[in-house]
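>>> Predicted model, plus sequence, below.
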Protein chains: 4
Amino acid sequence: MSGNTLGNLFAVTNFGESHGPAIGCVIDGCPPGMPLSEADIQPELDRRRPGTSKFVTQRNEADQVEILSGVYQGLTTGTPICLLIRNTDQRSKDYGDIAQSFRPGHADYTYWRKYGVRDPRGGGRSSARLTAPTVAAGAVARKWLKERHGTTFHGCMTHVGELAIGFEGWEHVPNNPFFAPVADVSAIEDYMNALRKRGDSCGARLRVTARHMPVGLGEPIYDRLDADIAHALMGLNAVKGVEIGDGFASVAHQGSAHGDSLLPGGTFESNRDGGVLGGISTGQDLEVAIAIKPTSSILVPRASLNTEGQPVEVITKGRHDPCVGIRATPIAEALLALVVMEHALRHRAQCGDVAVPAGFGAAAP
Amino acid sequence: MSGNTLGNLFAVTNFGESHGPAIGCVIDGCPPGMPLSEADIQPELDRRRPGTSKFVTQRNEADQVEILSGVYQGLTTGTPICLLIRNTDQRSKDYGDIAQSFRPGHADYTYWRKYGVRDPRGGGRSSARLTAPTVAAGAVARKWLKERHGTTFHGCMTHVGELAIGFEGWEHVPNNPFFAPVADVSAIEDYMNALRKRGDSCGARLRVTARHMPVGLGEPIYDRLDADIAHALMGLNAVKGVEIGDGFASVAHQGSAHGDSLLPGGTFESNRDGGVLGGISTGQDLEVAIAIKPTSSILVPRASLNTEGQPVEVITKGRHDPCVGIRATPIAEALLALVVMEHALRHRAQCGDVAVPAGFGAAAP
Amino acid sequence: MSGNTLGNLFAVTNFGESHGPAIGCVIDGCPPGMPLSEADIQPELDRRRPGTSKFVTQRNEADQVEILSGVYQGLTTGTPICLLIRNTDQRSKDYGDIAQSFRPGHADYTYWRKYGVRDPRGGGRSSARLTAPTVAAGAVARKWLKERHGTTFHGCMTHVGELAIGFEGWEHVPNNPFFAPVADVSAIEDYMNALRKRGDSCGARLRVTARHMPVGLGEPIYDRLDADIAHALMGLNAVKGVEIGDGFASVAHQGSAHGDSLLPGGTFESNRDGGVLGGISTGQDLEVAIAIKPTSSILVPRASLNTEGQPVEVITKGRHDPCVGIRATPIAEALLALVVMEHALRHRAQCGDVAVPAGFGAAAP
Amino acid sequence: MSGNTLGNLFAVTNFGESHGPAIGCVIDGCPPGMPLSEADIQPELDRRRPGTSKFVTQRNEADQVEILSGVYQGLTTGTPICLLIRNTDQRSKDYGDIAQSFRPGHADYTYWRKYGVRDPRGGGRSSARLTAPTVAAGAVARKWLKERHGTTFHGCMTHVGELAIGFEGWEHVPNNPFFAPVADVSAIEDYMNALRKRGDSCGARLRVTARHMPVGLGEPIYDRLDADIAHALMGLNAVKGVEIGDGFASVAHQGSAHGDSLLPGGTFESNRDGGVLGGISTGQDLEVAIAIKPTSSILVPRASLNTEGQPVEVITKGRHDPCVGIRATPIAEALLALVVMEHALRHRAQCGDVAVPAGFGAAAP
């Protein structure tokens, strides 16, 4: 139950601080015999990497991952895989001014109150930098799920601040630094430029999806698939809301229209439930949306307190993302993959023998 | 990691099916020496109980809880507390017609695909009836948190279907079967009457809050307080969305306005973050909203499949809630309490020695 | 991590006190589709039941198990199985004299110090009666392992007090109340009669074994199969020692003689390691021995303290086993089965795809 | 439940292989605010280090530990502590001959059968080298327990092969490479020299103890303190038996003599139960003994199989400990400390408020 571990059968234990010597994770439970090298992981880290456009933090980190264990002669051995990422571009002096005061809306205050001590350099453990090990672990899960079930994970930004982006096609996502599903990102760039000029930050809304899902993943009560998805994604820095399927729009629905009718062969007429019924996967695409709040590290001065309890004005210099949502797409995909991986392993532990019934074509996991 | 357990230090293991002999739970980890009897638990079960108005299922269950263990001479002993609720009003014949076919939007299908076998009587394990043990366990957590930290939990319905209810005051909530914070519920009754006449169901939106929260509850990464809240509440039957604080509205916010400024004494100017920063409680009220979809057990005929994979039309007779959100308020409060309880115990395990800093008046947990 | 749960994938949560209304357990993780009824469980409970001879406690408990959940139409559904055993023959007045004082060598003292409160009736939660739910859960695990892998579990008493029993054959074990592998138990009876006459108690040594073991169960470090066996068996009341294979005799061995040589087909020349190498099963029989201390509930007066810290003399009347080892055989078998079950499920989660190599005939799990 | 993690509240996740780039662990749950640096950990690693005498492996590893996270300005921050130890003296060619065949009595075979693939270099993950991270994590637990409760951990070798060592005093233990509690180790040296000359290996018996124990640590059923001690120590490489207190000698005891009588002030007349009653600590010293089998990496030729299933003769060259028990004392101490740490944190989570009763002088944890 260690608080910094995600999953039990595919357990990812995350460690590190933004400006410490290194960050990383240990994956315990990866099935043996899967080909794995740094080259399988690095591309996902590169998608999340800082410094890729002028709209994200200018910190220059190679985010080079090193596999320290669990792989021999290019194959996973079934033993724990430690993934290490050295921090190389720490400039801790940038943060000197916030060591003794609290950014409004930031974990500065709660870490200090919880632990009585905190590492303020770059936000320490609360930095979004700590999502890199999650992305690395997610790449391992994605590889296994792709090879075994054909399952793939996809995400895009649908809103940035007040701007609704629209959806023109998944093919546009890899072609712009916003993970936006549109051909022309000039409106986004204009929005972000205006924001940067004001020294301000904004929120974002993302969509994440899993395709070619196994049927039957999830537990009846408490550890449902949707519950674990919500846990993983609400646990991502700055996320304040999670929806599955139609989410909050379901409130105004009526049952006669909402329920996704089953069609012959075990397909569905619609996917308002986002691929989960009763906490268990239907085989339809998982459809998840998350709300990301604006970062609290901004140049606009804000009223706050210092550690003596005295009022201060806080301005956050240093290198920050004006919209943490921009780089969040690969992270959200990784988190979704980790949840699916956990339940895929759990499924074969408990229900590995259950056969696909005749007339329901989808392959069981 | 058993899938039907919530929490680790205050671990609630849920068992039972809607029409089996009994439902219940085992609570492992309740601190010793707390006065506890059935009278502490029954009132919460009565709030959730079916048959309390014509707008909820007419199943007539006393939902009488029995403490089977863990209490001696009126005090908790620190050993597991088993809470048992006998099922008394099963009418399984009502469900005969759905044993071989799947309600659109219901767990019927996914349970069958996952396990190859399912108990169809009253929805079996996927029935909302299984929230009763959660409510019972929540009552135990609520008592301890109230006595030790003064923490209390409150919820209300804010939307039913297309109808926004408004907020006139918490004092109205106990006075109507909708848990609505308004004096006059005739609009809600009219809405529900029209719905029942059509044999249809609708969704709902609920607000849940915790007051007098300890500061410092939650883990940095993965098992954050907000993540665990999202897990618990998304795991509730029919929930499709969870928000903390301003939730999805945060997307359109800018950092200069969003961050909650700290005021002298450790209070805050606003609570847009809903009492959680960086996954750790601030001491402000927890503010959570959930979206509940319309139930799939309706009289309106729907197209579906049977277990042979053949197209059928499904009509669900039997006794059902046309809006499961109506009775969900005490359940959502209980789930929030269970999450806070878990983190309160975890906090004193790890950070029990951390003192409240001078100038920050709020008592640490 | 709740302290009263054994296992994660096949998680058994134990509840109850000796003289409370009921004892029982919840099994979470049993694979679906297995035929199961009380008739599969009751025989194992009957083997452990009190009152079966004059050498065990005369408490008259039917130990009738009731399945409250998780089974539908005679098949496990994959959902939690609650097993309930009502207490019927409580005579709490027998224990009035020990409510305020501590039996030397008994949990009376430690429970009181840990929790500040305890249920003294019949030893409360520390009673050996709480092994009944373990036996019941073990029966479920045994059934699944037998059906799927052919694995069976066997135990016998090898020493009672100073008396070495010898081994004449497994066929004698069911034919006497001592689970002794000998035809003539008169020596044991004489020993026990003399002991009873003195109002004293004695220890015992048991052997437990699993046959037709799957190969490859266990984790490399920490949660090794042998470690989990030691955990389960040392956790049994009054156990003070656990050995695997040659156990403490291995200390005097030399490597040239100790190592079990592999023979063609994946069999072994000997089994000094008791079926486990590097924490992982070899496919040989698991061989385990345990040491059970004499019970502390005796008629011989002993010096002790009361809850005021004052010296008292303690005599324990009431109904007690003069040798708790006598009834421990079915319990030890059940515990071994629960550990094997956990690792069998874990194995198919992580390594389900690993094939049996050519030339190594034993079937993989 | 990841298999390579020890503990839940003080969770140690171990990673690495003998000849991979590095080994290490992540500690999640260390209380914040404790002074910690590499200098607190290195001395314990140095006690376990290879190459310290001619009777242990000649592999020359500095075993230099690096703290990668969780410490800021010399204080623990409450966040995960990653401890890294680079492997520097790998000579994998020494092991080429065992990559395709199995040492009798070694994990070679079971890893290969479990995973279908294994890292044979230096035993890969089954190497005793992987105990170094355990020792490092144990040093952190020992520091906290010493500072908070005054608890200390001590171990010594009591038997090497057929040779009983005797006990002259703890003060001798640091003065010889055998951790032997005697002034003159020439008999041990003679025994070991003869063994080395034969190219053989031998077993050992160790004693481990904890002093100044808190009262009340442990759970009633399953996760008892003694059960967790047995789990931790049976999980150590080559251990085949664990005893608490009088262990297997208790079998021949009678209750009238065995039970440790309580004396005024909450002390005891004897400690036959080794500091644990009913799974919960009494406050007496924990007394544990373990049996270690002879290592299977010997120069004496043995019959075995290769991966093709063909008979081969195996001789293990390379650098090996002829008695792995020699270096096991600091490891066993560390494991005992980790178990006590886990239960100390668990105790303050659940029973933190229970007061020491008047007349029972020992301080509660």
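Good, I have the coordinates.

>>> From residue D:16, how far off is residue A:189?
As judged by CB to CB, to the nearest Å, residue A:189 and residue D:16 stand 46 Å apart. The C-beta positions use only the backbone N, C-alpha and C, and glycine is treated the same way.

>>> And for the residue of the stretch 51-200 of chain A found nearest chain C, the neighbour number?
Closest to chain C within the stretch 51-200 of chain A is residue A:79: 5.7 Å, counting by CB to the nearest CB. The number of residues packed around residue A:79, counting by other CB atoms under 10 Å in any protein chain shown, is 33.

>>> show me what contacts it?
Residue A:79 sits next to A:69-70, C:220, D:4, D:15, D:17, D:115, D:119, D:124-125 when contact means CB atoms under 8 Å, 6 or more residues apart in numbering or on different chains.

>>> just checking, residue A:223 touches residue B:232?
No - with contact defined as CB atoms under 8 Å, residue A:223 does not count as touching residue B:232 (10.6 Å).

>>> Show me the shaky parts of chain A.
For chain A, the stretches with pLDDT under 70 are A:1, A:91-97, A:319, A:362-365.

>>> So what does whatever residue of the stretch 151-300 of chain A ends up closest to chain C have for phi and psi?
Of all residues in the stretch 151-300 of chain A, residue A:220 sits closest to chain C, at 5.7 Å by CB to the nearest CB. Dihedral pair for residue A:220: phi -60, psi -50, per degrees, to the nearest 10.

>>> separation between it and chain D?
Relative to chain D, residue A:220 is positioned 19 Å away (CB to the nearest CB, to the nearest Å).

>>> thinking again about what came up before, want to try CSV for the contacts of residue A:79, with neighbour count as columns?
Output for the contacts of residue A:79, formatted as CSV (neighbours: other CB atoms under 10 Å in any protein chain shown):
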residue, neighbour count
A:69, 27
A:70, 28
C:220, 28
D:4, 25
D:15, 31
D:17, 31
D:115, 25
D:119, 27
D:124, 26
D:125, 30
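
>>> farthest-separated two in those?
D:15 and D:115 (15.6 Å; CB to CB).

>>> Have a look at residue A:223 and residue B:232 and say which one is more surrounded.
Of the pair residue A:223 and residue B:232, residue B:232 is the one with more neighbours under other CB under 10 Å, namely 29 against 24.

>>> quick one on the thing from earlier: quick one: contacts for the residue of the stretch 151-300 of chain A closest to chain C?
Neighbour list for residue A:220: A:278-280, B:3-4, B:107, B:111, B:125-126, B:130, C:79 [criterion: CB under 8 Å, 6+ apart].

>>> now those residues in a markdown table, with secondary structure?
Shown next, in a markdown table, are the contacts of residue A:220 (DSSP: H, G, I helix; E, B strand; the rest coil):
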| residue | secondary structure |
| --- | --- |
| A:278 | coil |
| A:279 | coil |
| A:280 | strand |
| B:3 | coil |
| B:4 | coil |
| B:107 | helix |
| B:111 | helix |
| B:125 | helix |
| B:126 | helix |
| B:130 | helix |
| C:79 | coil |
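
>>> May I ask which of the residues you listed has the most neighbours?
Top of the contacts of residue A:220 by neighbour count (other CB under 10 Å): residue C:79, with 33 neighbours.

>>> circling back: look up how far residue C:70 lies from the residue of the stretch 151-300 of chain A closest to chain C.
The value you get for residue A:220 to residue C:70, if CB to CB is used, is 11 Å.

>>> Could you do residue A:260 as well?
Residue A:260 is 28 Å from residue C:70, by CB to CB.

>>> Need the distance between the two termini of stretch A:5-14.
6 Å (CA to CA, to the nearest Å).

>>> swap in stretch A:161-169?
One end of stretch A:161-169 sits 21 Å from the other (CA to CA).

>>> before we move on, the earlier item: next step: the contacts of residue A:79 restricted to strands.
Applying DSSP state E to the contacts of residue A:79, the entries found in strands are residue D:15.
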